[in-house]
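Chemist: Sequence plus the predicted model coming up.
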Amino acid sequence: MSDYSILDADSFAQVQVQTIGLSSGPSPLRELFIYTSLICNKQCSHCFVSSSPTNRILDEMTARDLRPILDQATGQGLADIYFTGGEPFLSRDMDSMLEAAMEMAPVTVYTNATEPLEKSLRKGLPDINVAHVNKHGRPIHLRISIDHYEAEIHDIYYARGKGAFEKTLQVASLAYSQGFTISVNTQEDLHNRANTRQAERFLRNRFAEMGVDLYDVKVLPDIPTGNQQNRTISSETPVSPAEFAASGARRENLMCGAGRTVVKLQGNVQIFPCTLLVPHDAKTLHEFQKYMMGSSLSQSLGVAATLDHPSCRAYCVKGKMTCAN
Ligand code: SF4
């Protein structure tokens, strides 16, 4: 028996998680995050969900899987839908999922802006973007990952491969010329060469040289999960209600307070509180069982999220970060 077959999806549908920071699920449901899979053409050293060309712990999402979830989201106040992975543009059903999602809300796609996006930009994606503009008055938003503003650190230290930095700039520039809006997610500079503002400025200037006006730059803190956990020693403890109140973090700015995350796991759609607490290997399949909220989006809205993972403090409460725009 594979280690991946230990979960009985039904037994987790009824899980009631103990409330630590939040008193109920998101209402309205503003954000919906969809994992297309964890398959990626890259294998970056810091990836917090350990995406790689061979990571098949999540199944590939399809438009058919998504349909019931989108139906349940109708009338719930959805403001944004996000696709993430893995590299979403490797997904065989990506065009159909984009078309279904944009009927509900404006769409953002997380992408490494390399060959898979380039291929989509040379096929049907520009037409889908035109339909998105007609529907929402703004283009599909591409949030691209550039791990460091220096090409060598991006390519070598973060293991993206030689030439990856320039490739991403080139593909992002192509997307911008086709009318997509572009944001960048980057990592905090562990080499201490630049503070957050400087890192942002370097990236904005580099894109401006190519005529690309970035919509937003996010500098992400170290997240103690996935590949990154291998080089991050976390001593975090659960966030207490008093600490949450004192932090100034706001419930509506937490992914678990504003939305839900959808994955396909062992053949079934499963709902999780956020993008960070989804299984990405055999170990976290056990570790993250308690965060599963079942396969019904509607039911998951009645369940409050706990704030008891190290990422809750590192990324959300202390870091005041969200994967939303
Ligand atoms: S990491 Fe924790 S606090 Fe942040 S969104 Fe997820 S459940 Fe909420």
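Modeler: Received, thanks.

Chemist: State the mean pLDDT of stretch 244-255.
Modeler: On average, the pLDDT along stretch 244-255 is 88.

Chemist: Show me which positions of that stretch end up buried.
Modeler: Under the neighbour-count criterion of 16 or more other C-beta atoms under 10 Å, stretch 244-255 has Phe244, Ala249, Leu254, Met255 buried. In this view, the C-beta of every residue, glycine as well, is placed from N, C-alpha and C.

Chemist: Quick check: which element contains the first one?
Modeler: Meaning Phe244. Counting by DSSP states H and E, the element that carries Phe244 is helix 241-247.

Chemist: any chance you could map the helices in this structure?
Modeler: With DSSP state H as the criterion, the chain has helices at 9-13, 63-73, 94-102, 115-121, 125-136, 151-152, 164-177, 196-209, 226-229, 241-247, 255-258, 282-287, 297-300, 310-311.

Chemist: between the ones you listed, which one is nearest to the ligand?
Modeler: For the ligand, the closest of the helices of the chain is helix 255-258, at 3.2 Å, according to C-beta to the nearest ligand atom.

Chemist: circling back to that earlier point, can I get the CA coordinates of the helix holding Phe244 in PDB?
Modeler: Once non-C-alpha atoms are left out, helix 241-247 reads as follows in PDB (Å, rounded to 0.1, in the frame of the first residue of the first chain):
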ATOM      1  CA  PRO A 241      -5.700  34.700  20.800                       C
ATOM      2  CA  ALA A 242      -4.000  37.400  22.800                       C
ATOM      3  CA  GLU A 243      -0.900  37.400  20.500                       C
ATOM      4  CA  PHE A 244      -3.100  37.600  17.500                       C
ATOM      5  CA  ALA A 245      -5.000  40.500  18.900                       C
ATOM      6  CA  ALA A 246      -1.800  42.300  19.800                       C
ATOM      7  CA  SER A 247      -0.100  41.700  16.400                       C
END
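
Chemist: is any part of it close to the ligand?
Modeler: No: judged by C-beta under 6 Å from any ligand atom, helix 241-247 stays clear of the ligand, getting no closer than 8.8 Å.

Chemist: tell me the contacts of Asp95?
Modeler: Going by C-beta atoms under 8 Å, 6 or more residues apart in numbering, Asp95 touches Ser120, Gly124, Leu125, Ile128.

Chemist: How about the residues of the chain by the ligand?
Modeler: For the chain, the contact set with the ligand under C-beta under 6 Å from any ligand atom comprises 254-256, 273-274, 276-277, 305, 307, 309, 311-312, 315-316.

Chemist: Where does pLDDT dip in the stretch 51-200 of the chain?
Modeler: Residue ranges of the stretch 51-200 of the chain with pLDDT under 70: 192.

Chemist: So which of the residues of the chain next to the ligand is the closest to Leu169?
Modeler: Minimum distance to Leu169 across the residues of the chain next to the ligand is 26.7 Å, recorded for Tyr315 (C-beta to C-beta).

Chemist: Report all helices and strands that the helix holding Phe244 contacts.
Modeler: Other helices and strands packing on helix 241-247, by 3 or more C-beta pairs under 8 Å, 6 or more residues apart in numbering; DSSP states H and E, are absent; none qualifies.

Chemist: Quick check: bridge partners of the residue nearest the centre of the chain?
Modeler: The centroid of the chain falls nearest to Thr84 when counting by C-alpha atoms, centre = their mean (4.6 Å). Going by DSSP bridges, Thr84 is paired in beta bridges with Tyr35.

Chemist: Look up how far the ligand lies from Asn55.
Modeler: Distance of Asn55 to the ligand, computed by C-beta to the nearest ligand atom, to the nearest Å: 20 Å.

Chemist: so how far does stretch 86-97 reach from one end to the other?
Modeler: Start-to-end span of stretch 86-97 (C-alpha to C-alpha, to the nearest Å) is 15 Å.

Chemist: Out of the helices of the chain, which is the most enclosed?
Modeler: A comparison of these by mean neighbour count, using mean count of other C-beta atoms under 10 Å, puts helix 255-258 on top with a mean of 25.

Chemist: Can I get it in CSV, CA atoms only?
Modeler: C-alpha atoms of helix 255-258 as CSV (Å, rounded to 0.1, in the frame of the first residue of the first chain):
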residue,chain,number,x,y,z
MET,A,255,-6.2,33.6,3.6
CYS,A,256,-8.1,31.4,6.1
GLY,A,257,-10.3,34.4,7.1
ALA,A,258,-11.1,35.5,3.6
